[in-house]
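> Here is my input; please provide its structure:
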Amino acid sequence: MSEREQLEGVATRYWHQLDDGRIQCDLCPRFCKLKEGQRGLCFVRGRQSDQIVLTTYGRSSGFCVDPIEKKPLNHFLPGSSVLSFGTAGCNLACKFCQNWDMSKSRQMDTLADQASPELVAYTAERVGAASIAFTYNDPVIFHEYAIDIARACHERGIRTVGVSAGYVCPEPRAEFYAHMDAVNIDLKAFTERFYKRLTGSDLGPVLDTVRYLYHETDVWLELTTLLIPGENDSPEEIDAMTRWVRDELGPDVPMHFTAFHPDFKMPDHPPTPPETLNRARRIALANGIRYAYTGNVHDKAGQSTYCHHCGERVIGRDWYQLSEWGLDTDGRCRGCGTPCAGVFAEGPGGWGPRRVPVRPADFAAELGEAGGA
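Residues are numbered from 1 along each chain as shown. A predicted model of the protein is given here:
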C-alpha cells in the first residue's frame, strides 16, 4: 500500500492553517502541526490535500460483547451487555498502556473489521446489547466515526459509552460528549509530573474535561485510576485526588482504583498489591466519596455497591457476575429508601461475565450492505 493510499480518509474540521504553511490539528491539546503527508502523534489523523483527514473511519480492531462493568461502569445499567470496539492509535504516549497492541499500533492491518455506522448499530441491536462502548483506544481520535455510530445507535434505542482519557479541546469535546450517554474518564494520576513523564500530556485539560462533564452535561460519569507502584499510589496523592473529586464534583461520582500489571514500556514495575487498591478505596470513602471500587483483582467486597446511608449491599459483584440486588425499580435502597446514584433499569441485567467476539460482517447481508473484511 502506498503512502497516499494509507493517508486517504474522511475529511475532518478541527484544524486551521498556519502562516508557515503547516496545518494545526485542533482536536486535542497536543496541537500537532503537519506538513503534507504527515500524521499526528495519534497516527490516525493526518494531512492530505491541505486538510486533516481521519484514516480509520469505518475500520476497527475488533468487536466484542462485554459486561458493562468491564468498562468499568458500575452505576450504568448494571449487569447489561455492551458491544465494545476500538480502532488504532492514541493521542497519549502512556508508557504503561495496557492495550498497547491496539492503541500504539502503526499497522493498518490491525483494523481487520470494516463496518459503517449503521452496520455497527444494527450489530449491537442484533446481539441484544444495551449499549455500545468506544474503548480499547481513545475514541477522541476517531471523533467523526464515533459520533456517526452514536447517532445510528440512538436511532435504534441503543445507548453509547465513551471510555477516554479526556485529553481533548473544548469545541470537539462538547460535540463528542453531546452524543454520549455515559463515560468513564481515565484520571491517570493527580500530578503534572506523572502526566508529563509517563503519558507525554498534561493533567490540566483532563481535569477541565471532568469538570465539564459533571457540571455542563447530563452524561453519566465515572472515573478510573490505574495505580502503579511507586508512581501514583501514595496515600498523599490519593487523598488529594479524592478530595478534589469530592469538592469539585460532589460525593456521587464513582471512583475505580485498578491494578497495574507490567506491560509495554514498564515491565520492570511490579504488579499492584491488592492492599494498595484497598487503601485507596478506604481513603476515598473516608474523604466522602460514596462509591469507591477496586478493579483488576478478585475482591467482592471492594467491587460491590453499598447504600451510603444504611450501609446495606445493594449490588453484589463477584468479578463481573452480579449477585445481590437491593434496589427497587426507582433505583432506591430497598432497606431504607435512599436513592443510589446512577442510571438503572427496573432490575439487574443478566449478561454476567461472558465475553463474546462479534463480526459485523456476519450481519451485513441482513442490512443490505456488502460484508466487511
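> Restrict the longest strand along the chain to CA atoms and write it as CSV.
Ranked by residue count, the top strand of the chain under DSSP state E comes out as strand 220-227. Extracted in CSV, the C-alpha atoms of strand 220-227 (Å, rounded to 0.1, in the frame of the first residue of the first chain):
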residue,chain,number,x,y,z
TRP,A,220,-23.3,9.7,33.5
LEU,A,221,-19.6,10.0,34.7
GLU,A,222,-17.3,7.5,36.5
LEU,A,223,-13.5,7.8,37.0
THR,A,224,-10.8,5.2,36.9
THR,A,225,-7.2,5.4,38.1
LEU,A,226,-4.7,2.6,37.4
LEU,A,227,-2.4,2.5,40.4
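> who's in contact with the next helix or strand after that strand?
Downstream of strand 220-227, the next assigned helix or strand under DSSP states H and E is helix 235-249. By C-beta atoms under 8 Å, 6 or more residues apart in numbering, the residues outside helix 235-249 that reach it are 187, 189-191, 207, 210-211, 214, 221, 223, 225, 253, 255, 257, 279-280, 283-284, 287-289, 292. Where you see a C-beta, it was placed from the backbone N, CA and C, and this is true even at glycine.
> returning to what we had before: in its sheet, which strands sit next to the longest strand of the chain, and in what direction?
Taking DSSP bridges as the criterion, strand 220-227 forms sheet pairs with strand 182-186 (parallel), strand 255-259 (parallel).
> Just the ones of the contacts of helix 235-249 in helices?
207, 210-211, 214, 279-280, 283-284 (DSSP state H).
> Asp233: which of those residues is nearest?
Ala280 (7.1 Å; C-beta to C-beta).
> mind listing what that closest one touches?
Contact analysis of Ala280 by C-beta under 8 Å, 6+ apart lists 225, 227, 233, 238, 257, 292, 294.
> can you redo these as CSV with pLDDT and distance to Leu83?
Formatted as CSV, the contacts of Ala280 follow (pLDDT from 0 to 100; distance: C-beta to C-beta, whole Å):
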residue, pLDDT, distance to Leu83
Thr225, 98, 26
Leu227, 97, 29
Asp233, 97, 33
Ile238, 98, 33
Phe257, 98, 26
Ala292, 98, 28
Thr294, 98, 26
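> what would the strands paired with strand 220-227 look like in TSV with distance to Tyr136 and mean neighbour count?
Shown next, in TSV, are these (distance: least, C-beta to C-beta, whole Å; neighbours: other C-beta atoms under 10 Å):
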stretch	distance to Tyr136	mean neighbour count
strand 182-186	12	24
strand 255-259	16	24
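> Those: which one's closest to Asp66?
Going by C-beta to C-beta, the one of the strands paired with strand 220-227 nearest Asp66 is strand 182-186, 12.8 Å.
> Now tell me what touches that closest one from outside.
71-73, 76, 131, 159-166, 177, 206, 209-210, 213, 219-226, 256, 343.
> Which secondary structure elements does the helix or strand following it sit against?
Counting by DSSP H and E, the next helix or strand C-terminal to strand 182-186 is helix 192-194. With contacts defined as 3 or more C-beta pairs under 8 Å, 6 or more residues apart in numbering; DSSP states H and E, the packing partners of helix 192-194 are helix 203-216.
> Please identify the buried residues of the helix it packs on?
203, 205-210, 212-214 (16 or more other C-beta atoms under 10 Å).
> Pop the domain breakdown of the protein in here.
3-54, 59-292+342-357 (automatic domain parsing).
> okay, those domains in a markdown table with distance to Glu366 next?
Compiled in a markdown table, the domains of the chain are given as follows (distance: least, C-beta to C-beta, whole Å):
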| stretch | distance to Glu366 |
| --- | --- |
| domain 3-54 | 25 |
| domain 59-292+342-357 | 7 |
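> of all these, which gets the most neighbours per residue?
By mean neighbour count, with neighbours taken as mean count of other C-beta atoms under 10 Å, domain 59-292+342-357 ranks first of the domains of the chain at a mean of 20.
> Endpoint to endpoint, that domain covers what distance?
Length of domain 59-292+342-357, first residue to last, C-alpha to C-alpha, to the nearest Å: 16 Å.
> what's the spacing between that domain and its chain's center?
Distance, stretch centre to chain centre, for domain 59-292+342-357: 2 Å (C-alpha atoms, centre = their mean, to the nearest Å).
> Over to stretch 311-327?
The answer for stretch 311-327 is 23 Å, by C-alpha atoms, centre = their mean.
> what comes up buried for that stretch?
So stretch 311-327, judged by 16+ other C-beta under 10 Å, has buried residues 313-317, 320, 322, 325-327.
> What is the nearest of those to Gln114?
The closest of the buried residues of stretch 311-327 to Gln114 turns out to be Tyr320 (C-beta to C-beta; 29.1 Å).
> quick one: contacts for that closest one?
Applying C-beta under 8 Å, 6+ apart, the residues near Tyr320 are 67, 69-70, 352-353.
> Next: His298.
His298 sits next to 318-319 when contact means C-beta under 8 Å, 6+ apart.
> for it, helix, strand, or coil?
The three-state label for His298, taken from DSSP: H, G, I helix; E, B strand; the rest coil, comes out as coil.
> Parallel or antiparallel, list what pairs with the host helix or strand of Phe63.
If you go by DSSP H and E, Phe63 is part of strand 62-67. Looking at strand 62-67 with DSSP bridges, its partner strands are strand 81-86 (antiparallel), strand 356-358 (antiparallel).
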